[in-house]
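S.K.: Sequence first, predicted coordinates after that:
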Amino acid sequence: MARKHKLKTKSSAKKRYRLTGKGKVKVGAKGRRHLLSSKNRKRKRHLRGSRILGPADEKKAKSLLH
């Protein structure tokens, strides 16, 4: 019986996404990496924390993680 090789996790995906306990995909807010001096304080404050991906993006992200 032939063995199937193991699939590698995409390195870019494991840096961006995390799975929650219920299997949803958690991701950091976009727009917080650079050019922060041109964004006002309120905008940067609302970009803190993480988000849960929507169903279409979640399916794609999970395929990259597994």
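M.R.: Nice, I can see it.
S.K.: any chance you could map the strands in this structure?
M.R.: 17-19, 25-28, 50-52 (DSSP state E).
S.K.: wait, isn't residue 26 in contact with residue 17?
M.R.: Yes. Counting by C-beta atoms under 8 Å, residue 17 is a contact partner of residue 26 at 7.0 Å. Using the backbone N, CA and C atoms, a C-beta is placed for each residue, glycine as well.
S.K.: neighbour-wise, which of these two wins?
M.R.: Per other C-beta atoms under 10 Å, whichever of residue 26 and residue 17 has more neighbours is residue 17, with 20 against 15.
S.K.: Surely that one and residue 61 touch.
M.R.: Yes. Using C-beta under 8 Å, residue 17 is in contact with residue 61, at 4.9 Å.
S.K.: Centre of the chain to the lengthiest helix in the chain, how far?
M.R.: The longest helix of the chain (DSSP state H) is helix 55-65. Helix 55-65 has its C-alpha centroid displaced from the chain centroid by 9 Å (C-alpha atoms, centre = their mean, to the nearest Å).
S.K.: Remind me what that helix packs against, helices and strands.
M.R.: The contact analysis (3 or more C-beta pairs under 8 Å, 6 or more residues apart in numbering; DSSP states H and E) places helix 55-65 against helix 11-16, strand 17-19, strand 25-28.
S.K.: Relative to residue 57, which of these is closest?
M.R.: Nearest of these to residue 57, taken as C-beta to C-beta: strand 25-28 at 7.5 Å.
S.K.: Neighbouring strands of the closest one in the sheet, and parallel or not?
M.R.: When pairs are called by DSSP bridges, strand 25-28 turns out to pair with strand 17-19 (antiparallel), strand 50-52 (antiparallel).
S.K.: buried set for it?
M.R.: For strand 25-28, the neighbour count (16 or more other C-beta atoms under 10 Å) marks 25, 28 as buried.
S.K.: Please consider this matter closed, and thank you.
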